[in-house]
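Chemist: Need the 3D shape of this:
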Amino acid sequence: MSEPPQPQNREALSSVRFTVTPTKAEDLPGLSDTSPDISSRSSGRVRFGSRESVHRSEAPSDASGAGTASAGNTAAETPDRSNTEQGDGSAKLSSVYINNTHGVDDDDFYDRNLALFEEEMDTRPKVSSLLNRLANYTNLTQGAKEHEEAESIGERRKTSKSPQMGTFMGVYLPCLQNIFGVILFLRLTWVVGMAGILQALCIIFICCCCTMLTAISMSAIATNGVVPAGGSYFMISRSLGPEFGGAVGLCFYLGTTFAGSMYILGAIEILLMYIAPGAAIFTAASPDGEAAAMLNNMRIYGSIFLLLMSLLVFVGVKYVNKLASVFLACVIISILSIYTGALVSAFSPPSFSVCMLGNRSLSRHELQNSPCNKTFFVKQDSSAAEMSETFTNHTFTDNETTVLPSEAPPMVEKTTLLWKRFCNSSELNASCDEYFTHNNVTEIAGIPGLASGVIEENIWSSYLSKGDVLERGSHPPAGSAYVSNHYPYVFADITTSFTLLVGIFFPSVTGIMAGSNRSGDLKDAQRSIPIGTILAILTTSLVYLSCVVLFGACIEGVLLRDKFGDSVQGKLVVGTLAWPSPWVIVIGSFFSTCGAGLQSLTGAPRLLQAIAKDNIIPFLRVFGHGKVNGEPTWALLLTAVIAELGILIASLDLVAPILSMFFLMCYLFVNLACAVQTLLRTPNWRPRFSYYHWTLSFLGMIICLALMFISSWYYAIVAMVIAGMIYKYIEYHGAEKEWGDGIRGLSLSAARFALLRLEEGPPHTKNWRPQLLVLLKLDEDAHVKSPRLLTFASQLKAGKGLTIVATVIPGNFLQSYGESLAAEQTLKHLMEKERVKGFCHCIVAQKPREGISHMIQSSGLGSMCPNTVVMGWPHAWRQSEDPQSWKTFIHTVRVTTAAHKALLVPKNISLFPSNSEPCTEGYIDVWWIVHDGGMLMLLPFLLRQHKVWRKCGMRIFTVAQMEDNSIQMKKDLATFLYHLRIEADVEVVEMHDSDISAYTYERTLMMEQRSQMLRQMRLSKSDREREAQLVKDRNSMLHLTSIGSDDDDDTDGPSGGLGHSDRGGGGVTEHRRVQMTWTRDKAMQVRTNTHSGCSTPEGFRDMLSIRPDHSNVRRMHTAVKLNEVIVNKSHDARLVLLNMPGPPRNPEGDENYMEFLEVLTEGLERVLLVRGGGSEVITIYS
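Modeler: Below is the predicted model:
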């Protein structure tokens, strides 16, 4: 087109601009009376709604009349094609300046500023509608399968009550209640007495390190998305798969169940020994039968307690939850009384004396109320009944002589019960035990106090074998070493060692999962779980460590080693230190152990129900059912049966190592899950808790494994065998052993097994990572045109996942095989240079677009196939006369969409940074217009894992329409990002102005005029090519005729026509052939008409009569308005990520589509157009 018509074009456009009168405010739908007055805006803007065409002014004003007059012949030559449309019962006139043939497709719900995306609104909704659905999100109860199903189909969740529990009430206090338990009150003093202060501190430190490292790993997993109330089972099964999850979930279930047994046994021990000893059903006739009688009593009362607690849990969990605060208060009061008593003992030690025979401890429980003496003197009166005691504290041996004060009245020497037990007679001249004869009976203070210096004697260990007598370590024994169990000594009931004490003490540090189990009730689980759990572990560790020091500094060592308090008349040892009364500890510990037992019986059935509902263990399926309200009735029944097995063991010291094994197994796999996720660097691994490292997780694994074998190696083996059997049962069939060529054969077998496992089902959203198919173009010298495209792919992948670099070579495969191998070597060298780990693929095809289509369809192996296509932007597509480049581009977009693959198109790829040019500052801006699976959220996170983009911040912009609440959208978007564990600045851009500017109208008109000119130019070019082909055909036909061929063929050449006329062919046939003949005159005529159509004023005026299509104007308006706000907000961004609109359904608008994309990205330095594959790639769940 020549230059002179340009002013005429602009003049014509200006006349069009002033002919249209502005639409009145009351004519616009959706505007209330409170809308700002828009009637006074410039008349150079055309306003219309989603289905509203521009109204022609019925009575033009004087100002517009001049404009109309100046239009001159242009307005006169434009035919008035106004037609009446049946709208909402009223007739509407379409504009004569806008072609509204597609107006019927523009429904009311399409947004005026999002016309580019309206064809795909059904599959790619607006961000505002997505956030509106997410605002109704709430943490549901346990059962992860329902969560994932609800997430995948986008169900609207009905919220009953939003969780409101904070860190203190929701995590910290429940963890305290579960960690503090029966061991603190019943066994910690005994552990300190046996192991000594140093080794006791070592035991507690190892156990607390194990739980702290596990808590760090658990915090990372728990903050990596929303964790429903499945606790460790949910976290492990979703991190390591159903096999590990099921095995560890059952281990955790068994551990929790046996913990309930341990707590019940602890409560019965407190009841029968310290509260109501007379309630024992079985009594022993001799000391040898006391242990057996006690075990039988524990079994009877334990079974009764278990039945009552199970009934309480069955009736309703709400009663258990109401009692939980009471039980927790008992624990706290008991601990405070211990600290208070320790401080008071420094000034006034409590009067709890221990009766000693030499350095051996005597059982006051057996001596009942007998004085701690061998003999005593009584005053002789008139009757024996009135004898009064005068010397109750005097002790002597058989070598002593009785010395009575001269002034004292006549006294009579009597023997005590202690004499009778050691001498088998009440007579003074009876033969007594040798050790009894050579050692004095003394009384020592059981609690000498904090300032007594007894800590020096309790520093070192004093391990005993079963049947040994408790002795003071600082006083060596004298006399015979033989000890009979018939004597009233305090005996060791179990052989102790460091490893045994570890297994017994470890249950006192379990319970760290209480916070994650309650995540469904937390207001902010991702913040509360790490803080509350770690603070609870630090608090309990500090309490345990300080209690070890206080017990060792306040209590006599021989009393510390007295497990059941026999030397202090059967009182609870820790209760003797409590202030103001031992009953504070006794009552408090009883209720706390009962509460812990109820919590275990409440939590274990729900855990079993969650495992059963996941249906990974078929024979447990029945336990997934329950009452109408969801209470796990059958699971509670099985839990009670298993807990009864623990109660039948009847020994707290034997049950504790069992549950230690199961808890340690669970903690081991929690650490393993965190370490594996960290090392694999899956895209979904984005914990909000950042203070973790894979080395800490491995250290936690090692400690857990060591503690399992330290405490009880045979229990450890049994627990591992049980877990392994469950694992193999769930897996049911594993990889076949196929060794082949050593390690390579193993690798092939593992790869085959892994690929077959991937075929079992589609990948979960959490496991989605971009598997790239990078489409590169080679020039004539077999060099890659855009090597930065591969650089960008390496930055996006960071060496993880699948990358296939592909190219298409035009030609025939049989002739271009060598060229294909050379291109493949070029790609491999480039991949090595850019450090991209992957595969290269070259295809030879006649047409590049067909080769790309085949590559997108067939790349990969099985489920290990690309899910994301990366291709370059067709540069200089406007200047190119050949439309194949941009047509191939749009065809690739359509093929990618049909294959449900994501598409990434970097624009201005040459300006993208290389791997040696890290960005030191700046932002990656995400413009989230429509939701197409979350690719826009995931890609910046993956890019920021690379050193080039690591220091860039992230900003997310979204667009609010007039009907949207932008403030609420910003809150919802911030909440959504918080659940996604993505740190980014959030901004909502309001686009209220729906006016169509004159610039938009002019830009659309120029686009359509350009398209028509190019179409005519291409048409004339094709005509010339057809003319040359027909001339060639004519010459060939003349040659055939001269040879003498007189066949009646259908040749279109002139000679064919002449031959038929000479032979008297039909007139109709001759007329048809003449019309199809391409003569020189006709060719010149067409060529002249074509050129005159573009050069003469008449032809130009015909082109100016083009009316812009209504839908094109609206789409151009979207592109212009979005580009304005994007350039305004992100002009300084290092990279801009933007939703890529889909190509039009009608292929006739492909060239306009390219223009829309150009307008959308004008003025931006680096742009990444993103198009999702139609599936969710990011999730808020763990």
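Chemist: Against which helices or strands is the helix or strand hosting Leu1169 packed?
Modeler: According to DSSP states H and E, Leu1169 maps onto strand 1167-1171. Helices and strands touching strand 1167-1171, by 3 or more CB pairs under 8 Å, 6 or more residues apart in numbering; DSSP states H and E, are helix 884-898, strand 902-907, helix 935-943, strand 1135-1139. From N, CA and C alone the C-beta is placed, and that goes for glycine too.
Chemist: Now with 6 Å, please.
Modeler: Contacts defined by 3 or more CB pairs under 6 Å, 6 or more residues apart in numbering; DSSP states H and E place strand 1167-1171 against strand 902-907, strand 1135-1139.
Chemist: tilt between the longest one and strand 1167-1171?
Modeler: Computed by axes from the mean of the first three to the mean of the last three CA atoms, to 10 degrees, the angle separating strand 902-907 from strand 1167-1171 equals 160 degrees.
Chemist: Can you mark which positions in strand 902-907 are buried?
Modeler: Within strand 902-907, the residues scored as buried using 16 or more other CB atoms under 10 Å are Ala902, Leu903, Leu904, Val905, Pro906, Lys907.
Chemist: same thing with stretch 840-858?
Modeler: Those would be 840-845, 848-853, 855-856, for stretch 840-858 by 16+ other CB under 10 Å.
Chemist: Contacts for that stretch next, please.
Modeler: With contact meaning CB atoms under 6 Å, 6 or more residues apart in numbering, stretch 840-858 is reached by 804-811, 813, 816, 820, 823-824, 827-828, 888, 891-892, 895, 899.
Chemist: and the end-to-end length of that stretch?
Modeler: In stretch 840-858, first residue to last residue: 14 Å (CA to CA, to the nearest Å).
Chemist: what does stretch 628-635 give?
Modeler: 14 Å.
Chemist: Please apply the same query to stretch 895-903.
Modeler: Stretch 895-903: ends 10 Å apart by CA to CA.
Chemist: again, but for stretch 953-969
Modeler: 21 Å.
Chemist: per-domain residue ranges of this structure.
Modeler: 163-349+488-711, 718-761, 765-903, 918-1038+1110-1181 (the TED database).
Chemist: quick one: average pLDDT of the first one?
Modeler: When pLDDT is averaged over domain 163-349+488-711, the result is 86.
Chemist: now do the third one
Modeler: Mean pLDDT, domain 765-903: 85.
Chemist: one step back: closest to Gly1174 out of the helices and strands packed on strand 1167-1171?
Modeler: strand 902-907 (8.6 Å; CB to CB).
Chemist: deepest of the domains of the chain, which one?
Modeler: domain 163-349+488-711 (a mean of 21; mean count of other CB atoms under 10 Å).
Chemist: From the chain's centroid, how far away is it?
Modeler: Domain 163-349+488-711 sits 27 Å away from the centroid of its parent chain (CA atoms, centre = their mean, to the nearest Å).
Chemist: same question, stretch 776-787
Modeler: The answer for stretch 776-787 is 41 Å, by CA atoms, centre = their mean.
Chemist: Just the endpoints, please. Distance across it?
Modeler: 8 Å.
Chemist: Now, the contacts of stretch 840-858 that are in strands?
Modeler: Mapping the contacts of stretch 840-858 onto strands (DSSP state E) picks out Ile804, Val805, Ala806, Thr807, Val808, Ile809, Pro810.
Chemist: Tell me the one of these nearest Leu272?
Modeler: Ile804 (72.1 Å).
Chemist: which residues does that closest one contact?
Modeler: Leu773, Gly838, Phe839, His841, Ser859, Pro866.
Chemist: make it 8 Å
Modeler: Neighbouring residues of Ile804 by CB atoms under 8 Å, 6 or more residues apart in numbering: Leu772, Leu773, Val774, Gly838, Phe839, Cys840, His841, Ser859, Gly860, Pro866.
Chemist: follow-up on the earlier one: show only the entries of the buried residues of stretch 840-858 found in helices.
Modeler: Pro848, Arg849, Glu850, Gly851, Ile852, Ser853, Met855, Ile856 (DSSP state H).
Chemist: gap between the closest residue to the fourth one other than its chain neighbours and Arg894?
Modeler: Taking CB to CB, 6 or more residues apart in numbering, and ignoring the residues beside it in sequence, Gly851 has Ala845 as its nearest neighbour in space, at 3.1 Å. Using CB to CB, to the nearest Å, Ala845 is found at 17 Å from Arg894.
Chemist: which non-adjacent residue is nearest Pro488?
Modeler: Using CB to CB, 6+ apart, the nearest residue to Pro488 is Glu366, at 4.2 Å.
Chemist: thought that neighbour was touching Asp566?
Modeler: Yes - the pair Glu366 and Asp566 qualifies as a contact (CB atoms under 8 Å) at a distance of 7.3 Å.
Chemist: Surely Asn359 and Arg472 touch.
Modeler: Yes - the pair Asn359 and Arg472 passes the contact test of CB under 8 Å, sitting 4.3 Å apart.
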